[in-house]
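**Q** Here is the input, now give the coordinates:
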Amino acid sequence: MDSGVVRINHGSDVFVVRACSNDDGADLLAIAGEHSVEVFRVSPPISERVASFHIGRRITAVAWSPRSISPSSSDDWVIEITAAASDFSLHLLTKSSTSSENMFAFGGGLSGHHGKVNDMCFCGGRDQDNARYVATVADDKMLMVWDLHPALDISSGIPSPERSLGTDASLSPHPRPQPTAYVISFPHPLVTVNCHQFSSKEFLVSDCRGSVFLTDWRSDPEQSEQGSWRHSSVVELVEPHALSKSLMGISSQYTGFAAWRQDNIDIVGATYGCRFSIWDLSNPRGGKPSQTGISFPEGGHQFRWCPTNPDYFAVASQCPTKGAVIHIHDVNYVHAQPHIINIAPRPHRVRDFDFMARRGNPVLAVAYGLEVVVFPIGVE
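**A** As a prediction, this is how the structure comes out:
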């Protein structure tokens with residue numbers, strides 16, 4: 001892990017790292033910590049900061065807009081990100097080749113979440129609306145799908161973003177309307193939300209108890225008398241061991257991390273506790289996984305599919321006594337010994353990680369302590 005390594009010191013503890021998955025933004029990386037979100041253009045062994053947004057609160061989740069384009073790809077580049085803060089507020093962060101950093105706050109107070117926002121993502125699919133809608137999930141058991149460009153402004157009495165940034169409201173006769181949210185409630189706190197490039201109407205949502213829901217957020221709740229989550233869920237997947245432990249009251253809370261394999265809409269992966277599971281939606285098996293295995297006996301933390309080598313997925317250890325460690329698995333050989341990557345010794349642990357979308361050898365971005373380390377990996 002010595003050749004082509006990039007180390008970025010954020011200056012405060014890093015809690016979220018997210019790579020841009022757009023083809024035109026494959027070298028962009030967002031790093032979020034105690035107070036701010038920074039965007040870097042990364043091409044190992046060099047990196048360049050292209051944007052910095054000071055939120056003033058700890059960041060708990062970040063998502064890249066499909067509109068984002070790297071300066072490496074076009075002179076008309078755009079940075080667009082949504083971020084969630086520890087006070088449950090949401091922020092749309094933008095910068096372009098023609099404008100400086102801009103921060104637009106929304107989703108606070110009574111209109112938004114009332115628990116920690118654990119994950120967020122933009123709408124999937126390939127139509128023009130995929131940058132219009134962003135989904136958030138939180139400890140308050142809510143999936144909220146936000147319309148960032150509503151036709152009507154229903155937020156009377158809420159200061160406009162221009163006024164909140166300290167500018168003269170008279171210079172902005174048409175302030176941006178506050179985003180509106182479509183809310184779907186679930187039985188338990190939610191941990192992750194994923195979209196897919198082949199679907200604009202579904203989100204993959206995981207809870208902390210052992211269930212993963214394929215949710216059709218565009219369905220009409222008026223057409224059903226069932227509960228909100230029951231009506232909207234097209235498929236419910238279950239991890240039997242995690243579910244049984246939760247029913248007995250011995251489960252570890254907030255360990256359900258699910259991910260959608262982007263080259264195959266039928267394949268879903270997740271880690272719950274010490275186990276990882278793979279589901280094939282083309283063969284539902286009553287919602288039970290088609291493959292399971294153990295990555296870290298003491299408990300896994302997060303699950304990511306590799307976008308450039310889709311058969312590979314990664315799981316990180318959540319135990320600080322093991323140090324910052326990631327295991328790379330091959331979905332075709334789930335019971336084989338994983339490729340082990342030791343990033344840092346104990347007491348460090350992996351806070352977050354993601355695969356970069358750059359073609360070629362898989363490249364990991366791993367956050368631990370004050371640092372993010374970006375490096376290519378060799379998986380045989």
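
**Q** Tell me how far Ser277 lies from Pro179.
**A** 34 Å (C-beta to C-beta, to the nearest Å). In this view, the C-beta of every residue, glycine as well, is placed from N, C-alpha and C.

**Q** Apart from its neighbours in sequence, what residue is nearest His241?
**A** Arg275 (5.9 Å; C-beta to C-beta, 6 or more residues apart in numbering).

**Q** Isn't the one you found up against Pro240?
**A** No: contact criterion C-beta atoms under 8 Å: Arg275 and Pro240 do not qualify, at 9.6 Å.

**Q** Between those two, tell me which one has more neighbours.
**A** Arg275 (22 against 15; other C-beta atoms under 10 Å).

**Q** The more buried one bridge partners, please.
**A** Tyr272, Ile294 (DSSP bridges).

**Q** Would you quantify the distance from the residue nearest to His241 to Pro289?
**A** For Arg275 relative to Pro289 (C-beta to C-beta), the value is 9 Å.

**Q** Would you state the strands of the stretch 101-250 of the chain in chain order?
**A** Per DSSP state E, counting those that start in this stretch, the stretch 101-250 of the chain carries strands over the ranges 117-122, 133-138, 142-147, 180-185, 190-196, 199-207, 211-216, 233-238.

**Q** Contacts for the first one, please.
**A** Yep, that's strand 117-122 we're talking about. 60-66, 82, 84-85, 88, 90, 130-131, 133-139, 189-195, 203, 254 (C-beta atoms under 8 Å, 6 or more residues apart in numbering).

**Q** quick one on the thing from earlier: give me the distance between the residue nearest to His241 and Asp352.
**A** From Arg275 to Asp352 the distance is 21 Å (C-beta to C-beta).

**Q** before we move on, what about Thr180?
**A** 29 Å.

**Q** And those two? Which one has more around it.
**A** Neighbour totals were compared for Thr180 and Asp352, and Asp352 leads with 22 against 19 (other C-beta under 10 Å).

**Q** which ones are touching that one?
**A** By C-beta under 8 Å, 6+ apart, the residues touching Asp352 are Val14, Phe15, Val16, Val17, Arg18, Gln302, Val366, Ala367.

**Q** As JSON lines, these with secondary structure would be great.
**A** JSON lines is the format used below for these (DSSP: H, G, I helix; E, B strand; the rest coil):
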{"residue": "Val14", "secondary structure": "coil"}
{"residue": "Phe15", "secondary structure": "coil"}
{"residue": "Val16", "secondary structure": "strand"}
{"residue": "Val17", "secondary structure": "strand"}
{"residue": "Arg18", "secondary structure": "strand"}
{"residue": "Gln302", "secondary structure": "strand"}
{"residue": "Val366", "secondary structure": "strand"}
{"residue": "Ala367", "secondary structure": "strand"}
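
**Q** Which of the three states applies to the nearest residue to Ala85 once chain neighbours are set aside?
**A** Nearest non-adjacent residue to Ala85, counting by C-beta to C-beta, 6+ apart: Arg57, 3.7 Å away. Following three-state DSSP, the label given to Arg57 is coil.
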